[in-house]
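Undergrad: please work out how this folds:
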Amino acid sequence: MKKIVKGLLAAAVFTVCLAGGAKGTQAEAYQPPCIPGEKELKEYQKDGTLKERMAYYENSAGAEVSESLIKKALFREQGGLKTRSSLPDNWENMSGGMPAEGNAKVLLLHVDFPDEKFEAGDTKEALEEIAFGSNNDYAPYESLTAYYERASYGKLHIDGDVYSYTAENNREFYENDIESLFTEAMRALDDEVDYNQFDGDGDGYLDGVYLHFAGVDSGWGSTWWSITNNSLGQEAFDGVRIGKYVTLHNPSNTKWGAQTLIHETGHVLGLPDFYAPGQDYEGGIKTYDMMYMNTGDYNGFSKWLLGWISEDQVVRITKDNWTDIDSVTLESLSEQAAGDNPKIAVISPEDQGIFSEYFVVEYDTCVENQKALTFNGKALPDGFRVFHVNARLNDGGTGFATGNWSADQTKLIELVDPDEALFHGDIFGDEDGFDQVPGPYDAESYHCKFMEGDSLTPQSLPNSAFEGGKYKGYTGITMESFVTGGEAAGSFSVSFGEESLLPDPEDFELTECGGWLTTDQSNVVMIPFALSMEASILDDRISPVLQTKDGKEIKGRIERLTDSQILFVAEADSLTAGPARVVFPEGYFDLGMGVASREIARDISIAENAEKTGGLSIDFGNSFSGAAAFDGGWYVLMSDENELRLYRIASDGSVHYENLDVSSWEGWIAPGEGSVENIVILSDGTLVFRGNDWLEGTLKLAHIDQEGNLLDDIVKLDRSDYELAVTGDTVKLYRTELYELQELLSVDFKGEPKSVEITDRMRYSTILFTDEGYLFPYYEDRDKSYICFDIYDKNDKLVHTFSYDSENEDMFKGGEFAAAASAEGKLYLFALMQDYEEIWSASDTMYITGEMWCYILDQKTGGFLGRTLVDQQLRLTKNSNSNIGPELVTVSVSDDMMMLHLRNRVDGKYLDDGYFYLADSYFIDLQGNLVSETSSINSMKVSFQSGKLLTAGAWQDGKVEFSIHNAVKDQEDTVKPDPKPDGDKDPGKQPGDELEDQGPAPDKHPAGSKNTDASASQTETQIEKPAKTGDSFRTGIYAVMIIAAGAAAVLVVIKRRNI
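TA: Numbers count the residues shown, from 1 in each chain. The predicted structure is shown next:
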C-alpha cells in the first residue's frame, strides 16, 4: 500500500466531493466522496495502483454483508429459535458490529501527527457536532444520532464520545499498518477512558471505533481514505475488543463529512456498498440510497434486513394469496409516525423468505431522511420505488451469493426503473451545484418511481422477470393501478398471470442498432442489440458465432449493457472480406420457465482487413510510450518505479534495449516520484519524452539520442497539464480548458520555452499539428460565410490564411475537423460528420454513426484539390451526460500511406471497470481512399511506420503484448483507386498529377494580412468517391495518446468544434 500512498499524496490526487457551478454547467459528473470517479480510476490505472486498490476494498467491510447481520435476520425469521443447522454457537460475536436496535455507544478519535495537522475548522468539536449534535444546515444529515433515530423508527439510539490524540510518529509511519494507529491511540487513552461503556449490546466488542485523521487523503481503496474494516485482533481494552473500525477522510466541518460518517456506520451495522467500484450508474443500485451515493434514507430491503421493519410491517404477496388482496396500501417508508398499513410489500410467486428472490415495493415521499432529495431544484414527487432483490445465500450460508460491487455479480438489489429506456446520469441542480439523485437525461421531471398510469408486467419494459432460482425469467407478476399523492400512504394492485402467458419463442426478437449492423465490420465485429423481453443466458457452454465467407466460425461473446440490451463482440487477428453472418444458436437465451429461444441470425459485411504479420511481448515496467523510427521499426520507452528502458523494435519484430542512466541527469525525476510518457521523434531522428514530477507538480522534458544519451539540459515547466506534439525539430506543449486553447509553448532545446500569443481565432478553434507547423480552422462572416484556415510554421509564424466559400457544397461539406496530415505538397484535412437521425442508447451511452471526409488542399497555394468519403458509416458513441465523443484522432504518414487512429470507449463487462476500449486504425492512401483497417480491444498505444502498424495491448500478467500489422498485404499488386468520379483517366498521368491540375488556388494572403476574400468557385472538379468502407470500432468517447511520428507528419487535434 505504500506505493499507493506515496504516489497519490505526491500527485495530490483525491476525490473532490462536489464541484460548485451554475445549473446546467456540467464540468464534472456528480461524485459522492466514497466512490471513485472516472478521473480517479484513470489515474489509478495509469499509476499502476488500481488492482491494489481494488484488493484493498475487497478486504474491507464494504464489499459484502456481514455474516452476523445475516445470522440475526435468519434468527428473527425462524421466530427467534436458534438452530444448530443455521447458526453457529458464537454467532452473536462473529464480527463485532454495532447492534441495529437498542443503545449503541461509539468511540471517535480525532488524530493528528507531528508532521500533519488539521485544517482550520476541522476540530474535535466539529467531529462531535456531526456525530451527536444538531446542525440544521446539514439536515437531514445534521448528526449520526439524529439520522439513525429516524432511519430505525426510533429503534436505534447512538451516543458516544470524541477524544483527541497526537500520534507518536509522522503519518508515513502508519501507511502500511493503520491498525497500529488505532491500538496506539487506545492504549494511550486507556487511563482516561472506560472502553467497556462502548459495548452497548454486551457482545464483547466495541460498538464502533472511528478515526478521523489529519492530512490529505490518498484516494479511494487505500490507507488514508474513508473505509470500514473488520475485526482488528485479539487485544482487549477493559475487557472489550475492537470489532469494526473506521477511518474518515472528509473534514468534520462539512456536510460531506457528516454524510460519510453516516454511510460508514451502515458498514458498521453490517450492510455492504450498493455501488460498483469502477462502474457507471448501471453498476449499482441505480437510485439514491445511503449505501450508494451517501444520500437519502435506507431502502426498504435494508431496513427489513436490519430488523427496523418487523414482519408485521411486511405484506407478502404470492401466486397463492394475491386474489385475496384487492389492493396494497403502504405507509411512507421514511415517515416516523406509525400507521396501520405495512411499510413494504414483498412480491414473488412463492414466499421463500428474506433470503430468496422477490420484488420489494416501498412508497417514497420526501420527508424525514429523504427531505433533501431534489431534481431540477424541486423536491422529488411521491411514488413507489420497486426493487428487484436477489438475496440468495452462498453455499455456506455466511453471505449473499449476489452483490452490487463487482461487474460479474448478479445484483443483490437494483431499482426497477420505469424510465429504463431513457439515458440516466447525474443531473446538475441547485444544492451544492448538483442534484442529489440521478435522473433521466434532459427530462423535465423525475420519473424513476412508479406513479399513476405506470405498470410493471411480464411484457413491459422493464418487465417483471426474475434472474435466478426456480422462477428464472417469467414470473407472471403484474403491478398496476398505482395511486400516489398522499404523504402518509399510497396504493397499487398486484396480480399473477396464468401459465398460458409463458413467452413464445417466436415473439422474442433482437433489434439491432441499424447503422452499426449495416456498416462494414473490421476484424473486431461489434453490434449492439435490444432484447424484446428480458432474457438470460440459458447455457454458457453455447456461444454466439460469427460465420465468415471462407467458412470459418469465430466464437463470439455477449456484453450485457443493461437488463434488456446486449453487445455482440467477436474478434480475430484478421477476417476475410465479404459477406458474413452473426448467429445466436437455438437455446442460447432463456426466456423464462424453461422456454428457450429460437435461432436468430443477422447478415453483415466484413471490410478489407490489414494483415497481422508478427507479434512480441515485453515483460518489464508498468508504463510505456512509443514512436516510429525513420528507418523503419519503432522506439518504445518503458519504465517502472526505478528503471527506464529504451527499446528498439525492428519491423520484423526483433528487439533490443538500452537502460537509461537517469541518475546523472540533473533536474530529472527521482525514482518512484513521477511518471514517464509521450516519447516523440524529431525531424533529425533524436527523441524527446516527458516526465510528470508528482512531488513538484511539474512537467519535465528530456532530449536524447537514439542510444538514450541526454543531449540537452532538462526542460522544466511549472505545471504538468500540458499535451505534447512535435513539428519538425520543435516540441509544442499546449493546454486547453473547456475546449478553449489556454496556452501554447514552443521548445527547441536551444533556450527557454517560448510562449506563443493566443489570439481569439486560436483560442476558440481547433489546433492541428503537422511536421511543418500547425493550423486553425474557423468561420468568418463578411459578405457571406467563409471557412478559413490560418497556417503557422514550426517557428510559430502565420504564413498563410486560406479562405473558402462555406456555402459551396462542391468543396467542404461541414462536420468537425478531427485531424490533418501533410505529404507531397498536399494538406489533408479529415472531418467527422455525425448523424443523429438514428440514436440507439444504452445506459449513459449513445450509439450513433457518422461519415469521415478527407479534403485535399495544395499546401502552398491553398488550391482545393479534391475530397473523398473515406468511410460513409463510422460507428461512434457519445456519453449522454457530458456529450463527449471521439475527442482525438491521430494521423501518421509513411511511405505513401496514412494511418488514422481512434481510441474509443464502449460499455461492457469485459473488464472489472465496466467498460473497455477499442482501438481503430484505418489505412488510407494519398488519394484519401480507405485501403484496409484493423481494430483491437484494450490496446493502449500504436505507432505507424513504413506501412506497418505496431499495436501495444493492455498490461496483463506483468507483460505487454505487441502486434504488427501490414496496411497492404501485397503492396506491389495493389492498384490505387481511380480519383475521378467517372473513372475516366489519362494513362499518361499519375493520380497525384491529376489532383495538382484541378482548380485555381484560393486567395492567398501573407502573414498578418486582413484581406481574406475567397473565390466563389475554388475548383472545377474534385474527388468525391466513397472509398471502401469499414467499421473498425468507430465507437467511443475517449481518445488515444499521441505516440506516432511518421517520416512525413504527425497530426493531432486537441479539441473539436463544429465547422
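Undergrad: partners of the helix or strand hosting Leu857, with directions?
TA: Remark: Leu857 resides in strand 845-858, with elements defined by DSSP states H and E. For strand 845-858, sheet partners with direction are given as strand 826-842 (antiparallel), strand 864-879 (antiparallel), following DSSP bridges.
Undergrad: turn those strands into TSV, including mean pLDDT and mean neighbour count.
TA: C-beta: built from backbone N, CA, C; applies to glycine. Output for the strands paired with strand 845-858, formatted as TSV (pLDDT from 0 to 100; neighbours: other C-beta atoms under 10 Å):
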stretch	mean pLDDT	mean neighbour count
strand 826-842	82	20
strand 864-879	87	25
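Undergrad: all strands for the stretch 701-850 of the chain, in order.
TA: Taking DSSP state E, counting those that start in this stretch as the test, the strands found in the stretch 701-850 of the chain are 715-717, 723-727, 730-737, 740-747, 754-755, 768-769, 773-781, 785-793, 798-805, 816-823, 826-842, 845-858.
Undergrad: the longest one: how far from the chain's middle?
TA: Read it as strand 826-842. Chain-centre distance of strand 826-842: 22 Å, with C-alpha atoms, centre = their mean, to the nearest Å.
Undergrad: can you show me the CA trace of it as PDB?
TA: Output of strand 826-842 as PDB, limited to C-alpha atoms (Å, rounded to 0.1, in the frame of the first residue of the first chain):
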ATOM      1  CA  LYS A 826      -0.600  18.500 -50.100                       C
ATOM      2  CA  LEU A 827      -2.600  19.200 -47.000                       C
ATOM      3  CA  TYR A 828      -5.100  16.500 -45.900                       C
ATOM      4  CA  LEU A 829      -7.900  17.600 -43.600                       C
ATOM      5  CA  PHE A 830     -10.200  14.900 -42.000                       C
ATOM      6  CA  ALA A 831     -13.600  15.900 -40.900                       C
ATOM      7  CA  LEU A 832     -16.200  13.900 -39.000                       C
ATOM      8  CA  MET A 833     -19.900  14.400 -39.700                       C
ATOM      9  CA  GLN A 834     -22.000  12.800 -37.000                       C
ATOM     10  CA  ASP A 835     -25.500  11.500 -37.800                       C
ATOM     11  CA  TYR A 836     -28.100  11.900 -35.100                       C
ATOM     12  CA  GLU A 837     -31.000  10.700 -37.200                       C
ATOM     13  CA  GLU A 838     -30.900   7.300 -35.500                       C
ATOM     14  CA  ILE A 839     -29.800   7.300 -31.900                       C
ATOM     15  CA  TRP A 840     -29.500   4.000 -30.100                       C
ATOM     16  CA  SER A 841     -28.900   4.300 -26.400                       C
ATOM     17  CA  ALA A 842     -27.900   2.100 -23.500                       C
END
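Undergrad: give me the helices and strands touching the longest helix seen in the chain, please.
TA: The helix of greatest length in the chain, counted in residues with DSSP state H as the criterion, is given as helix 255-268. Using 3 or more C-beta pairs under 8 Å, 6 or more residues apart in numbering; DSSP states H and E as the contact criterion, the neighbours of helix 255-268 among helices and strands are helix 124-132, helix 144-151, strand 227-229, strand 245-248.
Undergrad: and these, which one averages the lowest pLDDT?
TA: Within those, the least confident segment by mean pLDDT turns out to be strand 227-229, at a mean of 91.
Undergrad: after that strand comes which helix or strand?
TA: Secondary structure here is assigned by DSSP H and E; on that basis, the next helix or strand after strand 227-229 toward the C-terminus is strand 236-237.
Undergrad: so what strands line up beside that following strand?
TA: If you go by DSSP bridges, strand 236-237 pairs up with strand 240-241 (antiparallel).
Undergrad: the partner strand - what's its average pLDDT?
TA: This predicted structure assigns strand 240-241 an average pLDDT of 92.
Undergrad: can you check stretch 704-713 too?
TA: Per-region confidence: stretch 704-713 scores 95 on mean pLDDT.
Undergrad: quick one: contacts of it?
TA: Contacting residues not belonging to stretch 704-713 are listed as 629, 635, 646, 648, 658-660, 664-667, 685-689, 702-703, 749 [C-beta atoms under 8 Å, 6 or more residues apart in numbering].
Undergrad: domain-wise, how is this structure divided?
TA: The chain breaks down into these domains under automatic domain parsing: 59-268, 281-501, 505-606, 612-972+981-1052.
Undergrad: any chance of the ones you listed in CSV, plus distance to Glu52?
TA: Formatted as CSV, the entries for the domains of the chain read as follows, by distance: least, C-beta to C-beta, whole Å:
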stretch, distance to Glu52
domain 59-268, 8
domain 281-501, 17
domain 505-606, 26
domain 612-972+981-1052, 11
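Undergrad: out of those, nearest to Lys46?
TA: Lys46 lies closest, by C-beta to C-beta, to one member of the domains of the chain: domain 612-972+981-1052, at 7.0 Å.
Undergrad: just for the stretch 401-550 of the chain, where's the confidence low?
TA: Scanning the stretch 401-550 of the chain for pLDDT under 70 picks out the ranges 406-409, 420-446, 467-473, 486-487, 499-502, 538-540.
Undergrad: and the residue lying closest to Asp793 once chain neighbours are set aside, what does it touch?
TA: With sequence-adjacent residues excluded and distances taken as C-beta to C-beta, 6 or more residues apart in numbering, Asp793 is closest to Gly773, at 4.3 Å. With contacts defined as C-beta under 8 Å, 6+ apart, the neighbours of Gly773 are Thr727, Ile791, Tyr792, Asp793, Lys794, Val799.
Undergrad: re the thing from before, and the strands of the stretch 701-850 of the chain, which is most packed in?
TA: With neighbours defined as mean count of other C-beta atoms under 10 Å, these peak in mean count at strand 768-769, which reaches a mean of 27.
Undergrad: avg pLDDT for that strand?
TA: With pLDDT averaged residue by residue, strand 768-769 scores 92.
Undergrad: kindly report the same for stretch 583-591.
TA: Averaging pLDDT along stretch 583-591 gives 90.
Undergrad: buried set for that stretch?
TA: Of the residues in stretch 583-591, those scored as buried under the neighbour-count criterion (16 or more other C-beta atoms under 10 Å) are Val583, Phe584, Pro585, Tyr588, Phe589, Asp590, Leu591.
Undergrad: which of those fall in strands?
TA: Among those, DSSP state E puts Val583, Phe584, Phe589, Asp590, Leu591 in strands.
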